[in-house]
Every structure is written in structure tokens, then in C-alpha cells.
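[1] Need a 3D model of the sequence below.
(one chain, ligands or ions: 1)
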Amino acid sequence: MAAPAAQRNHVALPTHAAQRVEVSPPAGPQKETGLVPTGSQLIYFSSSSENTSRFVAKLGREVARIPLYAKDAPLLATRPYVLVVPTYGGTGGEGSVPKQVIRFLNNPQNRQLLRGVIGAGNTNFGDNYCMAGDIIAAKCQVPHLYRFELMGTPEDVTRVNQGLDTFWTRLSQTQK
Ligand SMILES: Cc1cc2nc3c(=O)[nH]c(=O)nc-3n(C[C@H](O)[C@H](O)[C@H](O)COP(=O)(O)O)c2cc1C
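    Numbers count the residues shown, from 1 in each chain. The predicted structure is shown next:
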């Protein structure tokens, strides 16, 4: 049986708005490494179905996308960030994290700068709903801040935007 909406979303994000974090625009590929540096504080993966892309576009924030294809230059995070990740797999376990996201997090700098994760999924998958967010949060020891379905609702957009503002403000007060 599906969990009630509030439980499904598991909101760890605070609910009042705070100062927006400014980020520098991403630079082009670095010739020496082939990596594309990004100062975005919201990094996401989305497959060709683009649900997660549509959700993050509605946030109106500076974002960077983990490339879909292995031939594309990989991203390199240069500032602390929150990762938005959809779940693929349906059977649970580590196969639920898209391989492109595993590759991104295998870079030590990307792993070290991760501060939180927002999971995307579909409640039709029952206990495996947003499992990729759970797995990354456990492995990287960061909070699973929020869960949303498919491309998110207007309420999800508001709550994530307010929560991210508060999250970054609090973090800047406790970590230098
Ligand atoms: C083959 C397949 C497996 C999926 N497995 C899960 C799953 O285990 N848990 C879940 O919550 N959602 C699962 N989903 C739903 C996706 O996470 C959801 O459609 C998401 O919005 C896809 O994001 P994207 O379009 O940005 O790639 C699955 C979708 C597909 C197509």
C-alpha cells in the first residue's frame, strides 16, 4: 500500500525561506583533464525521459546536469552541492543508482563536495520508491533531504526551493 504523501516525501528540509545562494556560471571543459568544472550548488541526473530535468527547471536555480552519455565530458563539482537523482532499477539495491551518477560520484572531489541528496521516483515502485537517494545518502553519509514523484508538483517546487535556501544558509553558518 502506498504511504501517505507527507510520509512519502520525508521532508527533512526546513520550511521557511532564507537567503538564496549565488553560484558562479560553469566554465567550459578543462583541456588538461577533459572535465567540465561547475560551481552549481544543484547537480542533477535525468535520463532521456527528462522528468527530473523538468522538475529542476521549475526551481529557477543555477543547475548542472550529469551527462547522459559516456562520450560526453564528465562534470567536476567545485563547490558544495546537493544532488538530484532519479531511481532506476525497480528491484532495489545498488542497481537503483544510474550508472552515470555512480561514475560522477566515483570522482573523489565530487563525492567530497556532496552535501545532500534529493530523490526522484515513482510510488508505483513501492518500497523501492526513491531508493537511489537512500543508497547515496547512506554511502556518502549525507541527508536524503526530500523525495518527489516524476516531475514534481507545484508544492514540491516551493518546498524544495525554500528548503534549499534554509539548508545552505544553515550550512554556511556551521561550515567554513
Ligand atoms: C526501468 C525503470 C525503472 C524504475 N525504477 C524505479 C524504482 O526502483 N524506484 C522508483 O522510485 N522509481 C523508479 N522508476 C521511475 C523513475 O525514477 C521516474 O520515472 C523518474 O521520474 C525518471 O526520471 P528522469 O525522467 O529524469 O530520468 C523507474 C523507471 C523506469 C523507466
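[2] so Gly34 is in which element?
    Taking DSSP states H and E as the definition, one finds Gly34 inside no helix or strand.
[3] check whether stretch 75-93 contacts the ligand.
    Yes. For stretch 75-93, a contact with the ligand is found by C-beta under 6 Å from any ligand atom, at 86-90. Every C-beta, even on glycine, is put in place using the N, C-alpha and C of the backbone.
[4] So which bits of that stretch are buried?
    Using 16 or more other C-beta atoms under 10 Å as the test for burial, stretch 75-93 gives 75-78, 80-89.
[5] In those, find the pair that's most separated.
    Considering C-beta to C-beta, no two members of the buried residues of stretch 75-93 lie farther apart than Thr78 and Gly89, which are separated by 30.1 Å.
[6] Relative to whichever strand in the chain runs longest, what are the paired strands and their orientations?
    Ranked by residue count under DSSP state E, the longest strand found in the chain is strand 114-121. The sheet places strand 114-121 alongside strand 81-86 (parallel), strand 144-149 (parallel), with pairing taken from DSSP bridges.
[7] Any idea how far that strand is from the middle of the chain?
    When distances are taken as C-alpha atoms, centre = their mean, to the nearest Å, strand 114-121 is centred 4 Å away from the chain's centroid.
[8] got it, and stretch 148-158?
    Averaged over its C-alpha atoms, stretch 148-158 has a centre that lies 14 Å from its chain's centre (C-alpha atoms, centre = their mean).
[9] And for stretch 55-74?
    With C-alpha atoms, centre = their mean as the basis, the distance from the averaged C-alpha position of stretch 55-74 to the chain average is 10 Å.
[10] need the residues of the chain near the ligand, please.
    Counting by C-beta under 6 Å from any ligand atom, the residues of the chain lying close to the ligand are 46-47, 49-53, 86-90, 96, 120-122, 125, 128-131, 150.
[11] Could you tell me which of these are located in strands?
    If you go by DSSP E, the residues of the chain next to the ligand have 86, 120-121 in strands.
[12] Across the sheet, point out what pairs with the residue in the chain positioned nearest to the ligand.
    Closest residue of the chain to the ligand, C-beta to the nearest ligand atom: Gly121 (2.2 Å). For Gly121, the beta-bridge assignment (DSSP bridges) gives partners Glu149.
[13] Would you confirm that it contacts Tyr129?
    Yes. In terms of C-beta atoms under 8 Å, Gly121 counts as a neighbour of Tyr129; the distance is 4.9 Å.
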